[in-house]
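Trainee: Turn this into a structure:
(one chain, ligands or ions: 1)
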Amino acid sequence: MTDSLDDSDAGPDTSEDPEYSLSSDDDTTDAQSSQTPDLDDVVFDNLDTGSTGDSDEASRGLFDDLLEGEPIFENKEVLRPSYTPHKLPHREEQINNMATILVTALRGDTPSNILIYGKTGTGKTASAKFVSEELETTSQKYEVPCEVEYINCEVTDTQYRVLAQLANKFINKNADVIDDRIETLEDVLSRAREDATELEATEFESVDALESEIDALEADKDDFEEVPMTGWPTDRVYSSFFDAVDYHERVVVIMLDEIDKLVEKSGDDTLYNLSRMNSELENSRVSIMGISNDLKFTDFLDPRVKSSLGEEEIVFPPYDANQLRDILQARADVAFKGSALSDDVIPLCAAFAAQEHGDARRALDLLRTAGELAERDQTDQVEEDHVRQAQEKIELDRVVEVVRTLPTQSKIVLFAIILLEKNGVRNINTGEVFNIYKNLCEEIDADVLTQRRVTDLISELDMLGIVNAVVVSKGRYGRTKEISLSVPTEETEAVLLSDSRLGDIDDVQPFVQARFDN
Ligand SMILES: Nc1ncnc2c1ncn2[C@@H]1O[C@H](COP(=O)(O)OP(=O)(O)OP(=O)(O)O)[C@@H](O)[C@H]1O
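Mentor: A predicted model of the protein is given here:
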């Protein structure tokens, strides 16, 4: 098809050419437009402007350039957060501790509840998932019923949702178990109808008994009603979950990742209910594995919940630079082509991430981004400089995300600080920020908060690392805050102005002037 077009005089296929469709729309009547288009005209139009050639070259160049460089990556996926590694260096101790506690489940007993603590990126989720998979595999091997259910409480953050999600998981699992059982029994039934001695090896005394067991199983299946994601009273959701879990003998480990988010959002009722279930369950046993990066969240728990949940505690300390090197090296061996990394790359990524409280996620992000930047440069080696650029890029991305998601009032306060800095004001104080803030609010019709609230918002910006506010003593004039920006001015301003409300402010100069008038 392509060949015949190239060789013929008809010119390129214009069916998707925007120029063509524009001109035919522009000046044709309905009657004309229903006629066969005159291809020759279009071809000549394009030839006149020379646009076909250019755009072909441009679109060819776009991908050709990128493909030309030796690819650096062998398998980039292993550097992504979604990848679950099978080896977790420097977490042997924590993994063994978890396994020692959970092995009880394989003996058919209830394991103690476990609380896992550690800062972000210290491998808590990866280790807990690894142990769970091993636990489930071993339970299948020894035919001891043991199941692990994972819930991310950042997403599923109310008692209703947690219980409904769990209920539905177990309802579905029960349905599978029931279907299997019915299939087996129906098989026996059909053989028993031919030959009654087939029943001798079973627990059924007659074909009737077998039939009524199948009917009972069908009825059980119908009884399990899926829980809707809203609308039921919580008691009903709880009892659905309870019945579904207790349907047959098993040990269930409920893994609640980011458990602090659940407590923060909806208190400790869920944990209270889950932790007292075992005294009422007849067939099954439930054990909870909570994961948190907030060491203090248990302070908000009812003492009974706190002691039950924290039967066993496992701490995941931050990684140091050497440990991060090992983690990166193991992944890099799979992710990159043989000699794609220069010697300094892994130590530098590890050193940067070690400064960030030993976060393996950050280290892996850095390595992946450095690789992508090198790929974009079309070099065949990732160099130290790519890591430095990656560090800046990740930091900027973080700032952009934090600033973009600030509430409008905080954005106005931050904009006021930026305006002051851009106009060369040094040692900015709260009063100056407030004056400009007030004017900006009036301009965009936003509510004006009190100076005290604005001071709080400045402290919040400080905590987010966007501004730096230090309290300085002015001797007998008391104390004041000196505020400066901790993030790049231009980029932050651009993010703020992309907010439709702030973007409406055309000329900011009068607002800065206003600080001298107040
Ligand atoms: N010891 C390790 N070996 C290999 N990869 C690791 C190790 N520790 C963490 N990682 C990787 O680092 C990333 C973050 O780990 P993980 O999600 O387990 O952290 P976390 O402690 O649960 O963090 P958060 O509290 O933010 O959820 C994942 O991509 C994980 O595969």
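Trainee: can you list the weak-confidence ranges in the protein?
Mentor: 1-70, 506-518 (pLDDT under 70).
Trainee: can you give me the strands in it?
Mentor: 114-118, 146-152, 250-257, 284-292, 312-316, 467-473, 479-485 (DSSP state E).
Trainee: right, is the third one up against the ligand?
Mentor: No: when contact is scored as CB under 6 Å from any ligand atom, no part of strand 250-257 falls within range of the ligand; the minimum is 6.7 Å. Yep, even glycine has a C-beta here, placed from its N, CA and C like the rest.
Trainee: count of neighbours near whatever residue of the stretch 401-518 of the chain ends up closest to the ligand?
Mentor: Nearest to the ligand, among the residues of the stretch 401-518 of the chain, is Glu401, at 15.2 Å (CB to the nearest ligand atom). Glu401 is flanked by 10 other residues according to other CB atoms under 10 Å.
Trainee: Give the full set of residues in contact with Glu372.
Mentor: Ala390 (CB atoms under 8 Å, 6 or more residues apart in numbering).
Trainee: need the strands of the chain in CSV with distance to Asp343 and mean neighbour count, can you?
Mentor: Output for the strands of the chain, formatted as CSV (distance: least, CB to CB, whole Å; neighbours: other CB atoms under 10 Å):
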stretch, distance to Asp343, mean neighbour count
strand 114-118, 30, 22
strand 146-152, 38, 19
strand 250-257, 37, 23
strand 284-292, 36, 24
strand 312-316, 30, 17
strand 467-473, 36, 14
strand 479-485, 36, 17
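Trainee: check contacts around the residue in the chain that the ligand sits nearest to.
Mentor: At 2.7 Å from the ligand, Gly123 is the closest residue in the chain, using CB to the nearest ligand atom. Contacts for Gly123 (CB under 8 Å, 6+ apart) come out as 88, 90-91, 94, 316, 319, 360.
Trainee: of all those, which comes closest to Pro347?
Mentor: Nearest to Pro347 among those: Tyr319, at 13.7 Å, using CB to CB.
Trainee: Pretty sure that closest one sits against Thr120.
Mentor: No: counting by CB atoms under 8 Å, Tyr319 stays clear of Thr120, with 11.7 Å between them.
Trainee: ok, those two, which is more surrounded?
Mentor: Neighbour tally, Tyr319 and Thr120, criterion other CB under 10 Å: the higher count belongs to Tyr319, 26 against 14.
Trainee: need the contact list for that one.
Mentor: 90, 122-123, 327, 353-354, 358-360, 363.
Trainee: now Asn113
Mentor: With CB under 8 Å, 6+ apart, Asn113 has these contacts: 275, 287-290, 308-312.
Trainee: Any chance of these in a markdown table with distance to Glu432 as columns?
Mentor: Shown next, in a markdown table, are those (distance: CB to CB, whole Å):
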| residue | distance to Glu432 |
| --- | --- |
| Ser275 | 53 |
| Ser287 | 57 |
| Ile288 | 51 |
| Met289 | 51 |
| Gly290 | 46 |
| Ser308 | 53 |
| Leu309 | 48 |
| Gly310 | 48 |
| Glu311 | 54 |
| Glu312 | 53 |
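Trainee: do you know how far Glu432 is from Gln451?
Mentor: Relative to Gln451, Glu432 is positioned 11 Å away (CB to CB, to the nearest Å).
Trainee: okay, those two: which has more neighbours?
Mentor: Glu432 (19 against 15).
Trainee: Val471 bridge partners, please.
Mentor: Judged by DSSP bridges, the bridge partners of Val471 are Lys481.
Trainee: That one and Gly478 touch, don't they?
Mentor: No: the pair Val471 / Gly478 is not scored as a contact, 10.4 Å apart, by CB under 8 Å.
Trainee: for the closest residue to Tyr150 other than its chain neighbours, what are its contacts?
Mentor: The shortest distance from Tyr150 to any residue other than its chain neighbours is 4.6 Å, reached at Met255 (CB to CB, 6 or more residues apart in numbering). By CB under 8 Å, 6+ apart, the contact set of Met255 is 128-129, 132, 148-151, 289, 291.
Trainee: Which one of these is nearest to Glu200?
Mentor: Val148 (38.6 Å).
Trainee: what about that closest one, distance to Leu461?
Mentor: Applying CB to CB to Val148 and Leu461 gives a distance of 41 Å.
Trainee: Over to Ala340?
Mentor: 40 Å.
Trainee: quick one: which of these two has more around it?
Mentor: The residue with more neighbours, out of Ala340 and Leu461, is Leu461; 25 against 21, by other CB under 10 Å.
Trainee: Next to the ligand, which bits of the stretch 301-450 of the chain? Give me the list.
Mentor: 327, 360-361, 364.
Trainee: Swap in 5 Å and give it another go.
Mentor: 327, 360-361 (CB under 5 Å from any ligand atom).
Trainee: Just these: which are in helices?
Mentor: 327, 360-361 (DSSP state H).
Trainee: if we can go back for a sec, okay if I get the contacts of Met255 as CSV plus distance to Thr230?
Mentor: Formatted as CSV, the contacts of Met255 follow (distance: CB to CB, whole Å):
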residue, distance to Thr230
Ala128, 29
Lys129, 29
Ser132, 29
Val148, 26
Glu149, 21
Tyr150, 22
Ile151, 17
Met289, 27
Ile291, 26
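Trainee: With distance to the ligand as new columns, can these be given to me in CSV?
Mentor: Converted to CSV, the contacts of Met255 look like this (distance: CB to the nearest ligand atom, whole Å):
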residue, distance to the ligand
Ala128, 8
Lys129, 8
Ser132, 13
Val148, 16
Glu149, 17
Tyr150, 12
Ile151, 13
Met289, 12
Ile291, 6
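Trainee: any bit of stretch 84-100 sitting next to the ligand?
Mentor: Yes: shown here: stretch 84-100 in contact with the ligand (CB under 5 Å from any ligand atom) through 85, 88, 91.
Trainee: Could you give the number of residues near the residue lying closest to the first one once chain neighbours are set aside?
Mentor: By the measure of CB to CB, 6+ apart, the closest residue to Pro85 outside its immediate chain neighbours is Ala126, 6.5 Å from it. A count of nearby residues for Ala126, using other CB under 10 Å, gives 19.
Trainee: how about Ala126, what does it touch?
Mentor: With CB under 8 Å, 6+ apart, Ala126 has these contacts: 84-85, 88, 91.
Trainee: repeat for Asp302
Mentor: 268, 272 are the contacts of Asp302 under CB under 8 Å, 6+ apart.
Trainee: Quick check on it: phi, psi?
Mentor: phi -60, psi 140 (degrees, to the nearest 10).
Trainee: Show me which positions of stretch 254-271 end up buried.
Mentor: Of the residues in stretch 254-271, 254-263, 266-271 count as buried by neighbour count, 16 or more other CB atoms under 10 Å.
Trainee: swap in stretch 383-401?
Mentor: For stretch 383-401, by 16+ other CB under 10 Å, it's 383, 385-387, 389-391, 393-394, 399-400.
Trainee: Mind listing residues that contact it?
Mentor: 342, 344-345, 348-349, 352, 362, 365-367, 369-374, 377, 466, 487-488, 491-492, 495.
Trainee: go on, stretch 465-476?
Mentor: Residues contacting stretch 465-476 (CB under 8 Å, 6+ apart): 399, 402-403, 414, 417, 458-459, 461-462, 479-487, 492.
Trainee: if I look at the closest residue to Glu211 other than its chain neighbours, how far off is Val425?
Mentor: Nearest non-adjacent residue to Glu211, counting by CB to CB, 6+ apart: Leu189, 6.8 Å away. The spacing between Leu189 and Val425, counted by CB to CB, is 87 Å.
Trainee: Show me which residues of the stretch 1-150 of the chain are close to the ligand?
Mentor: Residues of the stretch 1-150 of the chain lying near the ligand (CB under 5 Å from any ligand atom): 81, 85, 88, 91, 120-126.
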